[in-house]
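> I would like the atomic coordinates for the input below:
(one chain, ligands or ions: 1)
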Amino acid sequence: MSADDPAAETATAGENDDHHDFWAEAVADEILARNPDDPIVIKGGVSPSGVAHLGNVNEIMRGSFVAEVLRSRGHEVRQVFTSDDRDPLRKLPRKLADPDGQIVGLGDVDAGALGRNLGKPYTDIPDPFGERDSYAAHFAALLEADADRLGVNIEMYSNTALYADGTFDPVVKRVLERADTAREVLSEYQAKADDEYVPFNPICAECGKLTETIRSIDLDAETVDYVCTDMEVGDETIDGCGHEGTATFREGKLPWRFEWPGQWQVLDVDFEPFGKDHAEGSWPSGIDIAENVLDIEPPVPMVYEWFTLNGEVLSSSAGNIVTVPELLELLEPEVIRYFFALHPKKARDLDLSRLDQLVDDFDRFEDAYYEGVDDESVTAFAEAAYPHVVDEVADEQPIRLPYTFAAVLGMVDDPALREKLARDEGHIPDDADDATVDAALARVERARSWAERMDNAYNYRLQAELPDTDFDDATTDALDALAEVVAADHDGETIQSEVYDIARDHDIEPGDLFAAGYRLFFDETQGPRLGEFLGDLEQEFVVDRLRRER
Ligand SMILES: [Zn+2]
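The predicted structure is shown next:
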């Protein structure tokens, strides 16, 4: 992934962003072209699933940049997010996120309680962690917390609550009044729209599951009579119990193709970003239903590309996900925000093994904002987007340690030594105050977590105490010779090449001398480029350690 020319990519919501350097500006233009009343409403939504992960915040983040741009133009904006929680649980998730957002297996919760509730709305299923009112409430709390961690305020709406409090009544009534038209429209998009089909799914009063066989509709009483029969949902079948009953419009739900436009109506939505799956599926039918069944104008759409994780599709069941709290252990929130500020039309990969590249791109983006870089499109993008990416634009450009250098510092535990090394390398100005230094060094812990998580070339720990060693005479002589080189004030590269010369002079393999060094400094058999690492450390310490004195 890189920030390669983000400004030059093609338009998304509109095709008219050639005069904008940040895509969210073009989207804002398109929304404002309709002269919406304030507050302008930006929506997103998700059906609760196993784990709330970074993919779930995609549209929250995309929407937030549009919201920010509109606010900067003086508009009042509400960013709403629906938890589509009257949807039925179709199958057991393999993984869940606990209340702290950490991924756990089903073995860690009462999975039996979940299994007994297949087919019921998420809001009617107990929270597997026993903290919230329901599974749905647990999931919504996770997402809201994730948005909050990334600096976005969303107003969460529970679909179930919108049905239960009657907000959806006029929509349900309208759809059922026009059931023939609804069927006709729907038949353009899906096979299941025969004469018997009624676009409403009551919740069975007996078994609590969503069902679909409706015998009659009473529009005045706002009720339907149903039989609880088997229902196909996606590729799953929800078994019916045979109960015959009556449900009010508040005791069921519209099928998704109707529910989505219904949300636009009841929440007065002006803009909604969504993934490609909806673009090919429920968006075309949503427009049709909005215009021809509900008589409302659909919101301005924006289709965003899914990003992949480590080159693969995000997948909870395959375990290819990362949660926001996990990623925040590795990256500053503004770096994650930057990732989502890049053009939504371009497919990207978030490669955890190369987070250093993403951070380097962010650092360059920040440089571009404060002083410009030699690529005009990057500078223009930064000027437009940076103020929306950071929490607050600081007067002085923040000091950023290069991420891989921060990872090197992460091999050292001692905060004072970290600071000294950063100063020696010229990454911290002499006149920096304590707060500035602390802020700069904060990246070290994140880079350290990255090294540990990826178990990469930076995942070593400088040993504070001399490890137990058992070297032969040739090796101890060679180590003493290397100590002399370091004591003579040579730089890392010289130390690195001297290892080879000294090994040859002492008739040992260079690999064995490196291994001896790794044993002394890391108590390991391998490590980073030793010469350069030793060149970065305090000289006296290195000399003493090579002499096995401390
Ligand atoms: Zn039933």
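> residue contacts, the closest residue in space to residue 256 that isn't next to it in sequence?
Counting by Cβ to Cβ, 6 or more residues apart in numbering, the nearest residue to residue 256 once its immediate chain neighbours are dropped is residue 282, at 6.1 Å. Backbone N, C-alpha and C define where each C-beta goes, glycine included. Shown here is residue 282, whose contacts under the criterion Cβ atoms under 8 Å, 6 or more residues apart in numbering are 256-257, 260.
> can I get those residues in CSV with pLDDT and neighbour count?
Compiled in CSV, the contacts of residue 282 are given as follows (pLDDT from 0 to 100; neighbours: other Cβ atoms under 10 Å):
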residue, pLDDT, neighbour count
256, 94, 17
257, 95, 23
260, 98, 25
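> ranges for the strands of the stretch 201-350 of the chain?
With DSSP state E, counting those that start in this stretch applied, the stretch 201-350 of the chain shows strands at 201-202, 213-218, 223-227, 231-233, 236-238, 244-248, 252-253, 271-275, 300-304, 308-309, 349-350, listed in chain order.
> Can you give me the buried ones in the fifth one?
Going back to what we said before, that points to strand 236-238. residue 238 (16 or more other Cβ atoms under 10 Å).
> Residue 478 touches residue 500, doesn't it?
No - in this structure residue 478 lies outside contact range of residue 500 using Cβ atoms under 8 Å: 11.0 Å.
> Show me which of those two is the more surrounded one.
In this comparison of residue 478 against residue 500, neighbours counted by other Cβ atoms under 10 Å, the higher total goes to residue 478 at 26 against 13.
> Quickly find the element holding the more buried one.
Residue 478 is part of helix 473-487, with elements assigned from DSSP states H and E.
> Now do the buried residues in that helix.
Applying 16+ other Cβ under 10 Å to helix 473-487 flags 475-479, 481-483, 485-486 as buried.
> Next up, the contacts around residue 82.
The neighbours of residue 82, taking Cβ under 8 Å, 6+ apart as the test, are 43-46, 156-159, 162, 263, 267.
> Could you dump these into CSV and include pLDDT and neighbour count?
Converted to CSV, these look like this (pLDDT from 0 to 100; neighbours: other Cβ under 10 Å):
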residue, pLDDT, neighbour count
43, 98, 26
44, 96, 25
45, 94, 22
46, 92, 21
156, 96, 17
157, 97, 21
158, 97, 21
159, 97, 26
162, 98, 23
263, 98, 26
267, 98, 20
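> Take those and keep only those in strands.
Among the contacts of residue 82, DSSP state E puts 43-46, 156-158 in strands.
> Would you mind naming what in the stretch 101-250 of the chain lies close to the ion?
Taking Cβ under 5 Å from the ion as the measure of proximity, the stretch 101-250 of the chain contacts the ion at 204, 206-207, 228, 241, 243.
> next one: phi and psi at residue 121?
Dihedral angles phi and psi of residue 121 (degrees, to the nearest 10) take the values phi -60, psi 150.
> The residue nearest to it when sequence neighbours are not counted: which element?
Computed as Cβ to Cβ, 6+ apart, the closest residue to residue 121 that is not its neighbour in sequence is residue 86, at 4.5 Å. Under the assignment given by DSSP H and E, residue 86 is not contained in any helix or strand.
> and the closest residue to residue 315 other than its chain neighbours, what is it in contact with?
Taking Cβ to Cβ, 6+ apart as the measure, residue 315 lies nearest to residue 321, with 6.9 Å between them; neighbours along the chain are not counted. Applying Cβ under 8 Å, 6+ apart, one finds that residue 321 lies in contact with 51, 53-55, 103, 309, 314-315.
> hmm, 10 Å instead?
Under the criterion of Cβ atoms under 10 Å, 6 or more residues apart in numbering, the contact list for residue 321 reads 50-56, 95, 97, 103, 309, 314-315.
> element containing the residue of the stretch 451-550 of the chain found nearest the ion, please.
Closest contact between the stretch 451-550 of the chain and the ion, by Cβ to the ion, is at residue 453 (46.0 Å). According to DSSP H and E, residue 453 maps onto helix 434-454.
> For that helix, which residues meet the burial criterion?
By 16+ other Cβ under 10 Å, the buried positions in helix 434-454 come out as 437, 440-441, 443-444, 446-451, 453-454.
> Show me what that helix is packed against.
Contacts of helix 434-454 with other secondary structure elements, assessed using 3 or more Cβ pairs under 10 Å, 6 or more residues apart in numbering; DSSP states H and E, are made with helix 324-328, helix 355-371, helix 403-409, helix 415-424.
> which of these sits most buried?
By mean neighbour count, with neighbours taken as mean count of other Cβ atoms under 10 Å, helix 403-409 ranks first of the helices and strands packed on helix 434-454 at a mean of 24.
> which helices and strands does that helix pack with?
Packing partners of helix 403-409 (3+ Cβ pairs under 10 Å, 6+ apart): helix 355-371, helix 415-424, helix 434-454, helix 530-536.
> Compute the number of surrounding residues for the spatially closest residue to residue 219 that is not a sequence neighbour.
With sequence-adjacent residues excluded and distances taken as Cβ to Cβ, 6+ apart, residue 219 is closest to residue 177, at 6.0 Å. Using other Cβ under 10 Å, residue 177 has 13 neighbouring residues.
> what do you get for the one 5 residues further on?
By the measure other Cβ under 10 Å, the count of residues near residue 182 is 26.
> what about it, distance to residue 534?
For residue 182, the distance to residue 534 under the criterion Cβ to Cβ, to the nearest Å works out to 74 Å.
> next one: residue 123
Using Cβ to Cβ, we find residue 123 at a distance of 60 Å from residue 534.
> Tell me how far the closest residue to the ion within the stretch 351-500 of the chain lies from residue 184.
Per Cβ to the ion, the residue of the stretch 351-500 of the chain with the smallest distance to the ion is residue 352, at 44.7 Å. Using Cβ to Cβ, we find residue 352 at a distance of 48 Å from residue 184.
> Looking at those two now, which is surrounded by more residues?
For residue 352 against residue 184, the residue with the higher neighbour count under other Cβ under 10 Å is residue 352, and the figures read 17 against 14.
> For residue 310, see how far away that one is.
Counting by Cβ to Cβ, the separation of residue 352 from residue 310 is 6 Å.
> Which residues are in contact with each of these two?
With contacts defined as Cβ under 10 Å, 6+ apart, the residues adjacent to both residue 352 and residue 310 are residue 322.
> re earlier: with respect to residue 75, which of the contacts of residue 282 is nearest?
residue 260 (24.3 Å; Cβ to Cβ).
> Run through the residues that contact the closest one.
Residues 43, 45, 82, 84, 254, 269, 272, 274, 278, 282-283, 285-286, 289-290, 298 are the ones in contact with residue 260 under the rule Cβ under 10 Å, 6+ apart.
> from these, which are also near the ion?
Those of the contacts of residue 260 which are also neighbours of the ion - as judged by Cβ under 5 Å from the ion - do not exist.
> so which of those residues is the most crowded?
Of the contacts of residue 260, residue 289 is surrounded by the most neighbours, 29 neighbours in total, counting by other Cβ under 10 Å.
> My guess is that residue contacts residue 183. True?
No - between residue 289 and residue 183 no contact is recorded; they are 11.3 Å apart, counting by Cβ atoms under 10 Å.
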